[in-house]
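Asks: show me how the following folds:
(one chain, ligands or ions: 1)
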Amino acid sequence: MKPSTENVSHISPILVGLMGSGKSSIGRRLSRYLKLPLIDLDDYIVEKAGRSIPEIFEQHGEAVFRQMETDALREVAGKPAVIATGGGAVLSAINRKILKEHPPVIWLKASPEFLARRIDGDSNRPLIAAGDTLSKLREQVEIRYPLYEQCADFILPRSNMRKREAMQSIIDFLNKRAGC
Ligand code: S3P
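Replies: Next up is the predicted model:
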């Protein structure tokens with residue numbers, strides 16, 4: 001029997017985590033389950049800018065992308081939707097404040113080894129375009145894990161979990177949060 005969404009249907013979760021942790025795909029499943037639209041922050045930025053993420057990085061630089069990311073997060077946070085953020089959304093203190101103000105924030109926590117297998121060679125991710133993906137991810141872990149942790153209301157360990165189990169774990173958390 002499909003679990004009822006009645007108690008959790010008013011919740012608008014925001015997903016955070018490193019590149020490749022499954023924010024978009026888990027977000028898609030979660031949005032179907034909660035019957036809410038999915039807002040993928042990268043897609044939102046691309047649509048608004050009329051440029052791809054690599055083009056924005058190449059033509060304007062990372063700082064401009066980060067500003068667009070903050071503007072986008074500000075615009076969508078609080079909407080009745082599942083929001084999948086980009087991996088670097090937690091880098092800015094303003095973004096972290098916005099995230100803290102819009103719980104629940106769910107961190108899809110995965111090891112660099114797990115992620116490198118999934119994203120190696122992905123040309124749509126400028127931050128891993130040059131150099132060794134695993135070393136880049138390890139550097140990101142050092143800087144970003146503590147930031148995800150600051151913002152997260154729930155931490156989902158992704159590495160050894162299938163998508164269906166991951167979803168169930170999130171649903172259990174949402175139900176618990178709703179007091180069921
Ligand atoms: C980034 C992650 C990307 C995208 C941009 C920067 C990052 O999103 O926002 O390339 O800093 O980790 P995904 O996490 O969806 O790949």
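Asks: and the one helix or strand residue 59 maps to, how far from the chain's centre?
Replies: In this assignment (DSSP states H and E), residue 59 forms part of helix 53-60. The chain centre lies 20 Å from the centre of helix 53-60; the measure is CA atoms, centre = their mean, to the nearest Å.
Asks: the helix ranked longest in the chain: which residues count as buried?
Replies: Taking DSSP state H as the criterion, the chain has its longest helix at helix 133-151. Buried residues in helix 133-151, counted by 16 or more other CB atoms under 10 Å: 133, 136-137, 140-141, 144, 147-148, 151. Yep, even glycine has a C-beta here, placed from its N, CA and C like the rest.
Asks: shouldn't residue 29 be within a strand?
Replies: No - assessed with DSSP: H, G, I helix; E, B strand; the rest coil, residue 29 is helix; it does not lie in a strand.
Asks: hey, where'd the helices end up in the chain?
Replies: Taking DSSP H, the helices of the chain run over residues 23-34, 41-49, 53-60, 62-76, 93-101, 112-119, 133-151, 163-177.
Asks: can you say which of these is packed in most?
Replies: When you average the neighbours per residue for each of these (mean count of other CB atoms under 10 Å), helix 23-34 leads with a mean of 19.
Asks: which other helices and strands does it contact?
Replies: Under the contact criterion of 3 or more CB pairs under 8 Å, 6 or more residues apart in numbering; DSSP states H and E, helix 23-34 touches strand 14-16, strand 38-40, strand 82-84, helix 163-177.
Asks: got the angle for it vs helix 41-49?
Replies: Using axes from the mean of the first three to the mean of the last three CA atoms, to 10 degrees, the inter-axis angle of helix 23-34 relative to helix 41-49 is 100 degrees.
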